[in-house]
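Let's see this in three dimensions:
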Amino acid sequence: MSEITYYGADWCSDCRRSKSLMNTLGVEFDEKNVEQFPEFAAKAEEIAGRKNIPVIQFADGKFLVEPTDAELHAELTVRGLLK
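As a prediction, this is how the structure comes out:
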């Protein structure tokens, strides 16, 4: 299991941006497509308390909702997840 669970959808520009950043940085994550699987959409909403995506959750329970690239990069750096 990965340190990161990513909840997003292909149609979502913020999702594509966050996913692209993690891929570019070589960060591993478990992807949960909220469009294809309603249960993942429900889980993302439960985590975030709102319907916005992407929701990026870390193993310790902390999460980011619609992070900027700078916010996501900073969190990945602090956690030592960059290769």
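
check which helix or strand covers Tyr7.
Using DSSP states H and E, Tyr7 maps to strand 4-8.

err, Asp60, not the other one
Using DSSP H and E, no helix or strand contains Asp60.

returning to what we had before: and the strand holding Tyr7, what does it pack against?
helix 13-25, strand 30-33, helix 38-48, strand 55-58 (3 or more C-beta pairs under 8 Å, 6 or more residues apart in numbering; DSSP states H and E). To be clear about C-beta, it is placed using only N, CA and C from the backbone, and glycine gets the same treatment.

And the ones you listed: which comes nearest His73?
Closest to His73 of the helices and strands packed on strand 4-8 is helix 13-25 (C-beta to C-beta; 6.8 Å).

ok so, going back, buried deepest among the helices and strands packed on strand 4-8, which one?
Comparing the helices and strands packed on strand 4-8 by mean neighbour count (mean count of other C-beta atoms under 10 Å), strand 55-58 comes out on top with a mean of 24.

Which elements pack onto that strand?
By 3+ C-beta pairs under 8 Å, 6+ apart, strand 55-58 packs against strand 4-8, helix 38-48, strand 63-65.

Using CSV, lay out the ones you listed together with mean pLDDT and distance to Phe29.
Converted to CSV, the helices and strands packed on strand 55-58 look like this (pLDDT from 0 to 100; distance: least, C-beta to C-beta, whole Å):
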stretch, mean pLDDT, distance to Phe29
strand 4-8, 98, 4
helix 38-48, 98, 14
strand 63-65, 98, 12
